[in-house]
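Colleague: make a model of this:
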Amino acid sequence: MSNHKGYIYYVMGVSGTGKSTIGKMLSKKLCLPFFDSDDYHPQANINKMANGVPLNDDDRYDWLLKLNILAHKNTTKGAVIVCSALKKSYRNLLTKELDKFYFIYLEGSFDLILNRINAREGHFMTASLLKSQFNTLEKPIANKHLISISITNTPDEIINKIEEQLK
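Modeller: Numbers count the residues shown, from 1 in each chain. Prediction:
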């Protein structure tokens, strides 16, 4: 693979697309640290989501800035950060003053993702919030910083497709 030292890879998409699975696999493949954005939510956000209340832009603002700071702290080596990054404005905050980054957008249908969420255990995201996430989602527009991958592929196929596009 080409030298992508110092790049921040944001693995993005609605809940249930496999961001954590793909992010961990990608971080291992690229020998980069892995960060799950869920670990950086304030408790108030987690409580809202656990109670089925969608987050609004105000809820997300400080969280997104915290993730941007995390990215900046890792620009020497690089990192993989999983984050829903649903809106363009969120992606702009995540990449503020970053030059070397990619968004890896994991996309799938509502029904496929709903089935995945219903099969999960021990996660604060409820299936009822999925509709809200799809309503909020502003699909990223193709550009040099974007890799879009269908989640109908297996995790290994997704990693191989990412690797192909990074060459």
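
Colleague: does anything pack onto the top strand by length along the chain? Which helices or strands?
Modeller: Scanning the chain for the strand with the most residues, using DSSP state E, yields strand 101-107. Judged by 3 or more C-beta pairs under 8 Å, 6 or more residues apart in numbering; DSSP states H and E, strand 101-107 is in contact with strand 8-12, helix 19-30, strand 146-150, helix 155-166. Placement of C-beta: from N, CA and C, glycine included.

Colleague: at 6 Å what do you get?
Modeller: Applying 3 or more C-beta pairs under 6 Å, 6 or more residues apart in numbering; DSSP states H and E, we find strand 101-107 packed against strand 8-12, strand 146-150.

Colleague: any idea which of those strands gets closest to Lys28?
Modeller: strand 8-12 (12.3 Å; C-beta to C-beta).

Colleague: what about this structure, any weak spots by pLDDT?
Modeller: Applying pLDDT under 70 to the chain flags residues 1-3, 120-128.

Colleague: quick one, the longest strand of the chain and strand 8-12 angle?
Modeller: Computed with axes from the mean of the first three to the mean of the last three C-alpha atoms, to 10 degrees, the direction of strand 101-107 lies at 20 degrees from that of strand 8-12.

Colleague: that concludes my questions; thank you for your assistance.
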